[in-house]
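K.L.:
dropping a prediction and its sequence here:
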Number of protein chains: 2
Amino acid sequence: MNQDYIKPDNWSILEEGFDVERVESSESLFSLGNGAMGQRANFEEQYSGATFQGSYIAGVYYPDKTKVGWWKNGYPEYFAKVLNAPNWIGINILINGEMLDLYRCKEVRNFRRELNMKEGWYERSFTAVLQNDLEVEVKITRFLSIHRNELGAINFEVEVLNSDATVVFEPYIDSGITNEDANWEEKFWQTLDVKTEEHRAYITSKTLKTEFHATAFMQSQLLKNGKVLSEEATEVIFEEKISFRYTVEAKKGEKVSLQKFGGYVTNMNHKKEDLVPAAKAVLESALKAGFVTLKKEQKEAWEKIWEMADITIEGDVKAQQGIRFNIFQLNQTYLGEDARLNIGPKGFTGEKYGGSTYWDTEAYCIPFYMATKDHHVARNLLTYRYNHLGKAIENAEKLGFSNGAALYPMVTMNGEESHNEWEITFEEIHRNGAMVIAIKRYVEYTGDYSYVPEKGLEVMIAIARFWQQRANYSSQKDKYVILGVTGPNEYENNVNNNWYTNYLAKWCLEYAISNIEKVKIDYPGDYDRVMDKTGLKVDEIAKWQEVADKMYFPYSEEYKVFLQQDNFLDKEIIPVSELPKAQRPINQKWSWDRILRSCYIKQADVLQGFYFFEDHFPKEELEKHYDFYEPLTVHESSLSPCVHSIQAAALGRMDQAYQFYLRTSRLDLDDYNHEVKEGCHITSMAGTWMSVVEGFGGMRVVEGKLSFNPKIPNGWNSFSFKVNFRNQILKVSVAPGKTGFVLEGNDFLEILVNEKSIVVEPNNLVSV
Amino acid sequence: MNQDYIKPDNWSILEEGFDVERVESSESLFSLGNGAMGQRANFEEQYSGATFQGSYIAGVYYPDKTKVGWWKNGYPEYFAKVLNAPNWIGINILINGEMLDLYRCKEVRNFRRELNMKEGWYERSFTAVLQNDLEVEVKITRFLSIHRNELGAINFEVEVLNSDATVVFEPYIDSGITNEDANWEEKFWQTLDVKTEEHRAYITSKTLKTEFHATAFMQSQLLKNGKVLSEEATEVIFEEKISFRYTVEAKKGEKVSLQKFGGYVTNMNHKKEDLVPAAKAVLESALKAGFVTLKKEQKEAWEKIWEMADITIEGDVKAQQGIRFNIFQLNQTYLGEDARLNIGPKGFTGEKYGGSTYWDTEAYCIPFYMATKDHHVARNLLTYRYNHLGKAIENAEKLGFSNGAALYPMVTMNGEESHNEWEITFEEIHRNGAMVIAIKRYVEYTGDYSYVPEKGLEVMIAIARFWQQRANYSSQKDKYVILGVTGPNEYENNVNNNWYTNYLAKWCLEYAISNIEKVKIDYPGDYDRVMDKTGLKVDEIAKWQEVADKMYFPYSEEYKVFLQQDNFLDKEIIPVSELPKAQRPINQKWSWDRILRSCYIKQADVLQGFYFFEDHFPKEELEKHYDFYEPLTVHESSLSPCVHSIQAAALGRMDQAYQFYLRTSRLDLDDYNHEVKEGCHITSMAGTWMSVVEGFGGMRVVEGKLSFNPKIPNGWNSFSFKVNFRNQILKVSVAPGKTGFVLEGNDFLEILVNEKSIVVEPNNLVSV
């Protein structure tokens, strides 16, 4: 953890001072994305120190051959990797023939980075003394256009402070790139065509095996003191790289700059043969608009996003910065318009974890996107899984299931499994339940039931079939048991009767049954289509009911709590507080077997169930389970603090809730786990949003109505957030002892505040 | 399974007919070894079809960098690999300029292989029609000298049947070899020096990292019609290869042959700087003796081995061939004179499984070596582990244990762990118990207690410390439990309270305590030394006793059996006999999670405990457990059938015992699992020996006396075996209804036959 790394600011992420040790971490934190593409904050100019180069195109992946020590039957032979794509940001700078390279400068002063979240741009500036003693002041601004999502823009400005000098800008595009995360050090891209046209260049390459075609492109112009020059450029073309060489004489104190426009067009959105013309069109339109106008567009696009998604916190600038960073990154990663895309665990900030989609999307991200965007965005996320249903059925077949049972993959990009640890891939099956939870929450929150008959019911049926087949009857218990699973707590593997999994399985079975009944009555056409497609039989449903009715749940009479798994109480139960600091985090200090047989919990497990099914249990039950499990929880997953923050808030333990909130919201900014250089924890950022809205705001949906139990952490003057509930926009402002509601639009809205019904009139502040 | 592959013969392994599909399998089956080195039966001449090249030097290994998909804390970074060593057997043959290559011949007739186990040589002969229509008859004899264990010899004889011809022999040595089993396709050997001297050549190379130095050497002579010619040879020297070129004119019908002597000397037995002189000495002495004498020596050496180790079976040639193949391979692999060596699971027949030592040695191989060799051989095997004690303590420390607790590695070559599946490496800890079982059996069988005070007690203490720390107190059970283990049945992972493991742990604790007491009284000097070295305290022993006294054993009141693990009965219990054939073997047909949650058992687990501790339970208990577990056992480990064969025999179920016997004894010869091409299952071969001696012969040690309960399978006329019991040699011959005992030496021996005491006088047949 490094609390002094990022300077506090309400709207910007700021770094001051140059430290080679922090370059890779900052490359993650200052990443840019626009939903369609993104990139780590790599330097444009040459840098010979340690760097992790990354530029990514959403949806473009490579099926890398699986690498394991010992093969287990059922592993996928190949799986989807997030791909580093051709570099279009590169600009070499030569000053009087010497290459600008911060790693080799005599001195670097005034180094500063700013990620302006309000307006969506990134700026880096510094003064450097080169080996040839020239002193230069440099400022680079960069953004990826939200509005034109195939375009990015860079303004690279140089001023030589102590001499006249010849400045050379060498903008380039380069497809000779590699992946850090490659199993066999193979090349993933093949360059097909390298093409130039005046100040423009294109490199078209394709991914091997998957045959995604992408054209990386650029066009540059030279400016002096803000005026465009008409200097000619020299072209240098290599097999996988094109650069232009712009030379300009700059008097001491004159500002010279290169504006570079670049990006990608791919065959996901264009015909293969139209890629170069499409790229040309993007560039022509960008040049026509110009850098200043594009930057203005960017500001406006982000204004629109913030208008709906912002959370304000007054009186705690670190908390404010944290929540905005989370909201900013989520929006950089996924904007919801394309049902082929999803929210990768590292977004566009790194490669780790292969595929792009985890159960994180359903369990953590859906509420954020439902509340801060139009509802079709969440529906697109559900549709993503519907479109993968066939692959999920194939996946289950590989593991011995039949009759249309589906097991969604642990990690995926295209519907196929992209992970290979048997205890996770084959056994962390609770993820299947999250698919159905997401549907339930979507219906409850948006009020849009149409998704169920149209698509969701098929998913529910396939998943119910899985649970019924996966449970087996134990004659000694006269119950159905689910053996050999890994729950959300990945610090126990291959356990029996994980309570969370069993509870979710039972609920999925019952929820499928009740929806079949509802669709049968309310949507008979869809009902017939789905029954026909799935071949579902009445006795199958009866079997589901039997399994649900007789599901086994481990329970401790001594502690009066549900047990995380059958044998949990055989473990030595010693609270985390008694663990020596030197032994933490246990995932770095202990061998795996020791972790497994310890009582320590990585992330909410039984409590995850209490989170999803809070309304199934009285609050005293939540309290008892929280008091039993939280003290045993090491929170070594980024997904852990948010759920605990929400529950601590519900139990009125605001200090703890606030500590958890800080941990989730500033996980990356303060680099809690010394790993931010690998990328940011994007999906858990949605958990941060939940901590505020569901935790401190106490927002729930109760019988179709929005309900609030507002609380505010000590030291905060106020906080506010906005939600889109069933197409009505409600702004909630919480101050100590006072909560205000402002409703947009024309219709009133009945809400519950601290269990009391309140009617909010449009455009009138209601204070409670 | 291929029952017609190997022709039945009492003393030889015979293959007839050339089949390119069988080349790699036969390379395994016809392997040669002399304890110090060994090699697959690769062709000497060029062969361009599929082949798995392998030549191995005992004790020479390379620490290959671990390859895994997902790293788990505690994995070793490197581990020992069995190494393919420089090739010294190669002889290219050119006839009228055409290369002899069985893969490219127009026709191959009369192809025959014989592994003569009685005399210890391998012969291959065939008639081939080359592309140039020359018809040649070829016969190659090869052996690795038992007597001179750095030497091998080849006689390669060629007769051109249909023409006069120029025959060129090109013997070579080649250090440019690779490993099939290499994690990162790195080179393991570096060639240091290539040297020739008249008809002799040497290549000295070293293994990277481990710096084993080995000199491969050769010397050849040309013969025509049995007479040595004095033809000059042309030398060809490459960077990593030397060949000589011998040219001879052969008239039609004349036999020309090359005799090649070769092998390895290494710095395990010589100084580095003396390797070439040592090789030269081996060659000079070999040339002086000549091929014929060397072959005679070989026959005599094997006569001596067979004299003690042979088992005869009359009336069942396949059973006879099977047992002799097993005994032959065991002796080829390990002869017991070098405590740095051990019995690799593939011996010198393949590379699979990395390191050379598993718990197989202690659990399966020790009885064979104790009974068929002088007792110092078994003592060497025990000493091997004693010498690794320091590494075993380090290994346990890595996993969080302290105070001198030891965990022996799952697989090793030099004492360090060489395996990386967490569920095995970290959790299959029962192996630790086998180390102590081996000591117990050694003491019981040989009567040599001196090993305990000198070495064994330290091992026992370190292992007792491990078990005490590894068990934890369960307050809900008021017992000590052992969580998160894998038992011998590797088809259950990370289970709790595996009965076998718990039973072994308890026994190890108690056995250590009782031996400490005995050594204290009988060997006070050793006692003081060991107490001083280990720092053992009285209260530590009291803690051991407490854990042993309160060890938990899962038990089913319903079935009246000990349960393999806590939750075994939650599984669906369906006997193997009801599994469709198409689903077997399950380790190929089912995904890993399905195997894990099934009730199917890979190899004896609870029954392994009943095997080791047969005398702790009345026979009815064995029967009950056998009847419960055997029907659930799929025997998909090569170590499974032998234990079941012994127990079936003990229960008088001779048909089943015989079926298991056949499966173990002809596992490789009949290629049950279609995998013999990877190498033979050497360690399970000792289990075959146990099936005859302990199974059919019913041999046990009961209160210091040898005891027999002889039984004979239907259809066998008789069988016989010899054992060295406490330095007395007893031959046992069993025929239906009659067992004969003949004792060598001068002293009488009291034995038990069917529980009755009998005194055997020396050199007098006693029939019962």
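P.N.:
Nice, I can see it.

K.L.:
show the contacting residues for the closest residue to chain B within the stretch 301-450 of chain A.
P.N.:
Chain B sits closest to A:F426 of the stretch 301-450 of chain A, with a gap of 3.6 Å, by CB to the nearest CB. The C-beta positions use only the backbone N, C-alpha and C, and glycine is treated the same way. Contact analysis of A:F426 by CB atoms under 8 Å, 6 or more residues apart in numbering or on different chains lists A:72, A:74, A:399, B:591-593.

K.L.:
measure A:F111 to A:G695 for me?
P.N.:
A:F111 sits 37 Å away from A:G695, going by CB to CB, to the nearest Å.

K.L.:
neighbour count: those two, which is higher?
P.N.:
It is A:G695, of A:F111 and A:G695, that has more neighbours when counted by other CB atoms under 10 Å in any protein chain shown, with 30 against 17.

K.L.:
surely the more buried one and A:Q659 touch.
P.N.:
No - between A:G695 and A:Q659 no contact is recorded; they are 11.8 Å apart, counting by CB atoms under 8 Å.

K.L.:
in the stretch 251-400 of chain A, which spans are strands?
P.N.:
Listed in chain order, the strands of the stretch 251-400 of chain A (DSSP state E, counting those that start in this stretch) span A:255-266, A:312-314.

K.L.:
how about those, which one is nearest chain B?
P.N.:
strand A:255-266 (29.3 Å).

K.L.:
give the rounded mean pLDDT of the closest one.
P.N.:
Averaging pLDDT along strand A:255-266 yields 97.

K.L.:
buried residues in that strand?
P.N.:
Judged by neighbour count using 16 or more other CB atoms under 10 Å in any protein chain shown, the buried positions of strand A:255-266 are A:256-266.

K.L.:
and those as a markdown table, adding distance to B:A233?
P.N.:
Formatted as a markdown table, these follow (distance: CB to CB, whole Å):
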| residue | distance to B:A233 |
| --- | --- |
| A:V256 | 76 |
| A:S257 | 76 |
| A:L258 | 71 |
| A:Q259 | 75 |
| A:K260 | 70 |
| A:F261 | 73 |
| A:G262 | 68 |
| A:G263 | 69 |
| A:Y264 | 66 |
| A:V265 | 68 |
| A:T266 | 65 |
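
K.L.:
biggest separation within those, which pair?
P.N.:
Greatest spacing in the buried residues of strand A:255-266, by CB to CB: A:V256 and A:T266 (33.6 Å).

K.L.:
and the gap between A:T51 and A:D668?
P.N.:
With CB to CB as the criterion, A:T51 and A:D668 are 18 Å apart.

K.L.:
give me the more crowded residue out of these two.
P.N.:
Shown here are A:T51 and A:D668; by other CB under 10 Å, A:D668 has more neighbours (27 against 16).

K.L.:
quick one: pLDDT of A:G354?
P.N.:
Note for A:G354: predicted pLDDT of 68.

K.L.:
also the one 5 residues further on?
P.N.:
At A:W359, the pLDDT value in this model is 95.

K.L.:
please name the residues that touch it.
P.N.:
So A:W359 contacts A:408, A:410, A:430-431, A:434-435 (CB under 8 Å, 6+ apart).

K.L.:
over to A:L596?
P.N.:
By CB under 8 Å, 6+ apart, A:L596 lies in contact with A:491-493, B:484, B:494.

K.L.:
tell me which helix or strand it sits in.
P.N.:
Assigned by DSSP states H and E, A:L596 belongs to helix A:592-597.

K.L.:
show me what contacts A:L275?
P.N.:
Contact analysis of A:L275 by CB under 8 Å, 6+ apart lists A:202, A:204, A:213-215, A:265-267.

K.L.:
just put those residues in TSV and tack on distance to B:E27.
P.N.:
Shown next, in TSV, are these (distance: CB to CB, whole Å):
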residue	distance to B:E27
A:Y202	55
A:T204	50
A:H213	47
A:A214	49
A:T215	53
A:V265	56
A:T266	51
A:N267	50
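
K.L.:
among those residues, which one lies nearest to A:H147?
P.N.:
A:V265 (15.6 Å).

K.L.:
wait, isn't that closest one in contact with A:P277?
P.N.:
No - using CB under 8 Å, A:V265 is not in contact with A:P277, being 9.1 Å away.

K.L.:
what residues does the stretch 551-700 of chain A have near chain B?
P.N.:
Contact residues, the stretch 551-700 of chain A versus chain B (CB under 8 Å from any CB of the partner chain): A:558, A:566-567, A:569-572, A:587-597.

K.L.:
mark which of those residues are buried, thanks.
P.N.:
A:566-567, A:569-571, A:587, A:590-597.

K.L.:
where in chain A is pLDDT low?
P.N.:
Within chain A, the stretches with pLDDT under 70 are A:354.

K.L.:
again, only this time at 50
P.N.:
Under the criterion pLDDT under 50, no range of chain A is flagged.

K.L.:
in it, where's the longest helix?
P.N.:
The helix that spans the most residues within chain A, counting by DSSP state H, is helix A:499-522.

K.L.:
may I see the buried residues of it?
P.N.:
Applying 16+ other CB under 10 Å to helix A:499-522 flags A:499-513, A:515-516, A:519 as buried.

K.L.:
if we check chain B, which of the residues you listed are in contact?
P.N.:
Answer for the buried residues of helix A:499-522 near chain B: none qualify (CB under 8 Å from any CB).

K.L.:
just to revisit the earlier point, after the longest helix of chain A, which helix or strand is next?
P.N.:
Downstream of helix A:499-522 (by DSSP H and E), the next one is helix A:524-534.

K.L.:
can you state the direction angle for that next one and helix A:499-522?
P.N.:
Computed by axes from the mean of the first three to the mean of the last three CA atoms, to 10 degrees, the angle separating helix A:524-534 from helix A:499-522 equals 130 degrees.

K.L.:
now what about helix A:524-534, what contacts it?
P.N.:
Taking CB under 8 Å, 6+ apart as the rule, helix A:524-534 contacts A:404, A:453-454, A:457-458, A:461-462, A:516, A:519-520, A:536.

K.L.:
ok, and the closest non-adjacent residue to A:I758?
P.N.:
Spatial nearest neighbour of A:I758, excluding adjacent residues (CB to CB, 6 or more residues apart in numbering or on different chains): A:I751 at 5.5 Å.

K.L.:
what does the host helix or strand of that neighbour rub up against?
P.N.:
Taking DSSP H and E as the criterion, A:I751 maps to strand A:749-753. For strand A:749-753, contacts defined as CB under 8 Å, 6+ apart pick out A:702, A:705-710, A:725, A:728, A:730, A:739, A:741, A:743, A:757-760, A:768.

K.L.:
repeat that for stretch A:428-436.
P.N.:
In contact with stretch A:428-436 (CB under 8 Å, 6+ apart) are residues A:358-359, A:362-363, A:385, A:406-408, A:410, A:459-460, A:463, A:466-467, A:470, A:485-488, A:490, A:498, A:500-501, A:504-505, A:507-508, A:511-512.

K.L.:
coming back round to it: show me which of the contacts of A:F426 is closest to B:S163.
P.N.:
For the contacts of A:F426, the closest approach to B:S163 (CB to CB) belongs to A:K72, at 57.5 Å.
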